[in-house]
Structures are given as structure tokens and as C-alpha cells.
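> coords please:
(one chain, ligands or ions: 1)
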Amino acid sequence: MPLSKEEKVVIQDRWRSVPISKQDPKERAHNFDEVSLGYTEEQALKESSRCLNCPKPQCVSGCPVGVDIPGFITLIKEKQYNQAAHKVKEKNSLPAICGRVCPQEEQCQKLCTIGKKGESVSIGRLERFVADFERQKGIASPAKPHLNGRKIAIIGAGPAGLTAAADLAKLGYKVTVFEALHKAGGVLVYGIPEFRLPKSIVQAEVDYVTKLGVELRTDALIGRLFTIEELFANGYDAVFIGTGAGLPKFLEIPGENLNGIYSANEFLIRANLMKSYRFPICDTPVKIGKRVVVIGGGNVAMDSARTALRLGAESVTLVYRRSKEEMPAREEEILNAEEEGVVFKCCVAPTRFLGDAQGRVTGMEYELMKLCECDESGRRKPVPIEGSKAVMDVDSVIVAVGRTPNPIIQSTTPGLETTKGGIIVIDPKTGKTSLTGVYAGGDIATGEATVISAMGAGKKAALNIHEFLTQNSAHPCASKNAALSEETPILAKGTNQKRLPEKGQRR
Ligand code: FAD
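Next up, the predicted model:
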């Protein structure tokens, strides 16, 4: 019997995910309000009904923190939104953040059964829906676990550090997070712009972590204020390093020191953390002029280009040395940038910058590239086309070509094994470094990656710190790490009795 019209609509609906509403591109290109408006209850119910609740859910294995995805989606179907949020939080303490910025299309959603024939279930949008629902209703304070008498120091309040902190607090440890900046959140507050991830959302999830009993010490640069050795000497039983990759890379071409050329890091910190778009109410301006060029093809480049538009640039051109298909940015963000008016110039590489007598950038010389065989990254290698050089006029340039780890901890921690590039070497199964009792994870141990991979690393390290401390009732640094060589110095309790100042005390 042929299907009725209604039956056909139901079947078609099953293969298509419910689209999300967004601010109009013409309007949003001039404001810092959130672009994506999130699902309404009706949309969330419709999207949740597409989940097949597979007996062996592949999506869960694609989630680096192992959220029970069918479990929380089933609770949405039953309209138990708060319970759905709690289900997510069993594994993920930052769901409103992940629901907004995680590359789900490359992770959980990539493995969704329904995605094999049609569009995957929009797991990220549903995660955001339940997290926002819970926050709007007022997040109940989580129960504080009984303390087990042991102390952990976490260095860095990015997604890796916050996740490790939350998981260890839930296990009964007294956790202190030391953060170099005046705000917790890492890239979530200083890098990703307000229009993609509002700061109030990050703050609400940081608050949830502190409600678990985690102490947060901001303006505390470890390696300068105190070394890791001093943390142990002050009674911490283990240390987790989650200091990210906050040092910008440059192009290393002539003229790069001219005024008007920013690293994406500086540009985004000024715009986001220091809120330059509210200048003079906020006192850190950023001067960009009319014609802005952004160099790079990742999320950082998209964020910089879209921020420049919002700061009043008349034209923003994104220059990338490979083709659009090779851009590492999320597809959704590439589309958003295009809709807002960012112009893409692909297969183009800058060769030098030109300036005026005052030392301000006025032009960028570039050459066209052709793509040859794949390089070690698996992407086609760009090669210059001879005789293709040209110059374009610019008022500002934002360089977004990658980030490396900040070296402070590595250079002040004897025996901490690192790669040439300053990445801390860990056992990927446990997060253990070359020093007993010292663990690391996130961008500092992998190079720049994603929010959820940093969270997964924080989670793994937390579990292994717990196992390690459960097996070693004595102070961990009193015993030598079997993996260490003879000459590796051991941090021993009591080697340095410099006491940490109390919170708020100046040093
Ligand atoms: P970070 O987030 O870098 O946090 C490290 C923290 O440690 C920082 O707060 C830093 O101040 C602190 N710190 C550093 N040194 C010290 C010290 N010595 N003492 C004390 N504290 C210290 N990923 C996605 O999944 N989706 C996206 O859409 C996305 N967009 C991005 C956009 C931008 C602009 C950038 C820069 C990155 C983006 N990423 C995105 C990548 C993602 O944000 C990172 O992979 C992730 O934040 C890494 O987490 P982390 O905890 O390892 O480090």
C-alpha cells in the first residue's frame, strides 16, 4: 500500500535534523550577541524523537568524556529536562559550553546510526538545550562530597583543568586551581568570542565547579609565583598541569613587526577578555582601521575575522594558503563567517608586509599557491606559483597561524620531560608525566586541539591521580617514579618550605 502524505512527512523528518535559529547575518555582523539562538522546547522534543536509542550506541564511544547520550536524550523525550542535564553532568561538568563549541560533527554525531542514511541527531544542540534549561531554572548546588584529607593542585583553569578539578572534588579531594589570568575558563574566556560563547555561560559552569568545593586562585602564575616543587612542599599530594597552548606562532616574514599587525591571541584577548568593543567604558582599545586581513583557516582565524567585522572594519579578507576544503575550522563557523561578509581568498600566502614612515602597516605582498601531493598532515601541500606576486592594501593584519605551549612551567620544573616544541610528554593512557605525582593534559600535552579533548584528558588524569593516591598512601614524591632515569631529580616533600600565601595576599 502506498504511504500517505503524513507518513511520508514523518519518514522525511526522521532523516533531517531540526535546524537551529540564528540571528540575521546582516544584523549580527555588527553586534556581539550570541549568533545561534538554541532550540526551543518544541524543537528539542522533535529532534530528540529522531534518536533511535540504539542498544549499542556508537555515539557514546565518539564522546571523549563518555556522556550517556541515549540516556539524556530519552529524558528529553520524557520532558525531564533537569534530569537530562544531570545525566550529562555525570560525565561532563561543562555541558552548556560543549553544546556550543564542541566539534560534534567530528565526534559523537559522526558515529550516529541515523547519520549513516540521513543527518545525524543534533546531539550538541540537545546538550545545549538541557544545560540552558537547567541554568535558566537555577542550577541546584551539587552535594559537596566528604573530604578525604588529600590535596591536589591544578594549574590552569581551562577545560582540562576545570574538568580534572571537578572530577577530583567529586572523589573527595581538596582541590585548588591556580590560574594565571584574572578570570577562569582559559580559551573559553580569552579566545572564543562572546557571540559564539557568552562569558556568562562560562562563568555559570565555572561556578558549578567551585560549588563542588574547588578553590579557585586567579592571578597565580605557577612557575613564577610558586614552582611545582613549592606546591608539593606545601602539602599538595599531586599536581595536574593544564596550561594550554597560549603562545602565538608567527609567519616569520619581513615586516611582521609593523604596527597594526596583531597575533590573533592579542587581538582576541583585547576584544574578548578586555572587552575592547565597549571602549571607553572598558579601557583596552583595539585599533583596526577599515581594511583588515586575517591569515589562517582555523577556528581562531574565523573568530578573529568575525570579531574584526563587529569592531567596525569595512572589509575583512581571510587569506589561507590551502583551499577551503582543507580549512581546519568547523564547517558551521566557516559558513557563519561567509554569511556575515568575510571574504575568503584561498591558495594565497603572504610573503612580506609593507609600511609607512611611521612604521604602520599599509600593504601585504602575497603570492598564489597551487596544491600538490599530500604532506605529513595528510593535506595537499601548497607550493608557490612563480610570478604570481601581488600587493593588497591593508590597515590591519591578524595572524592566526597556530599556538604553542607557554614554556614557564617546563623551564622551572627540573626533570619534567618535554618535546623540542615544549609539549609536556605524558603517558597517553594515564596523563602521567616523567615526574612522580605530576600529571598533565589538554593542549599542553597534545598541542592545540579541542575543548572536549582537553576535557577528556582532564578526566583521564583525575581518575589516574585517584588510583595512584589510593595505591600510595605515603606522599607520592617520597618515592621514585620507576620510569625515571637515575639523574631525574625527584621532588621530595619538605625540600622547599616556602609557604603559599593565603588567598588575596600579595606576593
Ligand atoms: P586552555 O583553554 O588554553 O587553558 C589553559 C589555562 O591555563 C589558561 O587559563 C591559562 O591562562 C592558564 N595558564 C597557562 N599557564 C599557566 C601557569 N603557568 N600558571 C597558571 N595558569 C596558567 N575548540 C573547540 O573544541 N571548538 C571551538 O570552537 C574552538 N574554538 C577556538 C577558538 C579560539 C580563538 C582558540 C584559541 C581555540 C579554540 N578551540 C576550540 C581550541 C580549544 O579552546 C582548546 O583546545 C582548549 O581550550 C584547550 O584547553 P586547555 O584546558 O588545555 O587549555
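> against residue 295, how distant is residue 402?
Counting by C-beta to C-beta, to the nearest Å, the gap from residue 402 to residue 295 is 11 Å. For the C-beta atoms, the positions are set from N, CA and C on the backbone; glycine is no exception.
> these two: which is more packed in?
When residue 402 is set against residue 295 and neighbours are counted by other C-beta atoms under 10 Å, the residue ahead is residue 295, at 24 against 17.
> list the contacts for the more buried one?
Contacts were defined as C-beta atoms under 8 Å, 6 or more residues apart in numbering; by that measure residue 295 touches 251, 301, 318-320, 350, 397-401.
> now do residue 367
With C-beta under 8 Å, 6+ apart as the criterion, the residues that contact residue 367 are 348-349, 351, 384-385, 388-390.
> isn't there a strand covering it?
Yes - note on residue 367: a strand contains this position according to DSSP: H, G, I helix; E, B strand; the rest coil.
> bridged to it, which residues?
Assessed by DSSP bridges, residue 367 has beta-bridge partners residue 349.
> can you list the residues of the stretch 251-400 of the chain near the ligand?
268, 299-300, 303, 330 (C-beta under 6 Å from any ligand atom).
> now intersect those residues with the helices, please.
Cross-referencing these against helices under DSSP state H gives 268, 299-300, 303.
> possible to save those residues as JSON lines with pLDDT?
Output for those, formatted as JSON lines (pLDDT from 0 to 100):
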{"residue": "268", "pLDDT": "95"}
{"residue": "299", "pLDDT": "95"}
{"residue": "300", "pLDDT": "97"}
{"residue": "303", "pLDDT": "97"}
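> please list only the buried members of the residues you listed.
When burial is judged by neighbour count using 16 or more other C-beta atoms under 10 Å, the buried members of these are 268, 299-300, 303.
> which residues sit in contact with the closest residue in space to residue 282 that isn't next to it in sequence?
In space, residue 282 comes closest to residue 275 once its chain neighbours are excluded; the distance is 4.0 Å by C-beta to C-beta, 6 or more residues apart in numbering. Applying C-beta under 8 Å, 6+ apart, one finds that residue 275 lies in contact with 281-282, 284.
> quick check, nearest of the residues you listed to the ligand?
residue 284 (16.8 Å; C-beta to the nearest ligand atom).
> pipe the ones in helices among the residues of the stretch 251-400 of the chain next to the ligand into TSV and attach distance to residue 4 per row.
Converted to TSV, these look like this (distance: C-beta to C-beta, whole Å):
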residue	distance to residue 4
268	53
299	45
300	50
303	47
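> which pair in those residues spans the largest distance?
For these, the maximum inter-member distance is 10.8 Å, found between 268 and 299 (C-beta to C-beta).
> so residue 43 sits against residue 18, correct?
Yes - proximity of residue 43 to residue 18 meets the contact threshold set by C-beta atoms under 8 Å, at 4.8 Å.
> which stretches of the chain have low pLDDT?
Judged against pLDDT under 70, the low-scoring parts of the chain cover residues 1, 3, 5-12, 473-507.
> what about the spatially closest residue to residue 29 that is not a sequence neighbour, distance to the ligand?
Of all residues beyond its chain neighbours, the one nearest residue 29 is residue 340 (4.1 Å), with distances taken as C-beta to C-beta, 6+ apart. Distance of residue 340 to the ligand, given as C-beta to the nearest ligand atom, to the nearest Å: 16 Å.
> also residue 74?
26 Å.
> that residue: which element?
In this structure, residue 74 is located in helix 69-77 according to DSSP states H and E.
> run through who's touching that helix.
Applying C-beta under 8 Å, 6+ apart, the contact partners of helix 69-77 are 44-45, 48-49, 51, 53-54, 57, 59-60, 63, 81, 83-85, 87-88, 108, 121, 123, 126-127, 129-130.
> residue 439 belongs to a strand?
Yes - using three-state DSSP, the assignment for residue 439 is a strand.
> from the contacts of helix 69-77, list the buried ones, please.
The buried subset of the contacts of helix 69-77 (16+ other C-beta under 10 Å) comprises 44-45, 48, 51, 57, 59-60, 63, 81, 83-85, 87-88, 108, 121, 123, 126-127, 129-130.
> still on that earlier bit, buried residues in the helix holding residue 74, which are they?
Of the residues in helix 69-77, those scored as buried under the neighbour-count criterion (16+ other C-beta under 10 Å) are 69-76.
> hey, C-alpha coordinates of it in PDB?
This file holds the C-alpha atoms of helix 69-77, laid out as PDB (Å, rounded to 0.1, in the frame of the first residue of the first chain):
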ATOM      1  CA  ILE A  69      23.900  10.300  25.100                       C
ATOM      2  CA  PRO A  70      20.900   8.000  24.500                       C
ATOM      3  CA  GLY A  71      20.200   8.300  28.300                       C
ATOM      4  CA  PHE A  72      19.900  12.100  28.300                       C
ATOM      5  CA  ILE A  73      18.000  12.200  25.000                       C
ATOM      6  CA  THR A  74      15.500   9.700  26.400                       C
ATOM      7  CA  LEU A  75      15.000  12.000  29.400                       C
ATOM      8  CA  ILE A  76      14.300  14.900  26.900                       C
ATOM      9  CA  LYS A  77      11.700  12.800  25.200                       C
END
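> so how far is it off the chain centroid?
In terms of C-alpha atoms, centre = their mean, to the nearest Å, the centre of helix 69-77 is found 25 Å from the chain centre.
> which SSE is immediately downstream of it?
Scanning forward in sequence from helix 69-77, with DSSP H and E defining helices and strands, the next element found is helix 81-89.
> which strands or helices does that following helix pack on?
Packed against helix 81-89 by the contact rule (3 or more C-beta pairs under 8 Å, 6 or more residues apart in numbering; DSSP states H and E) you find helix 69-77, helix 95-101, helix 123-137.
> one step back: and the two most separated of the contacts of residue 295?
Of all the pairs that the contacts of residue 295 form, the one spanning the most space (C-beta to C-beta) is 251 and 318, at 14.8 Å.
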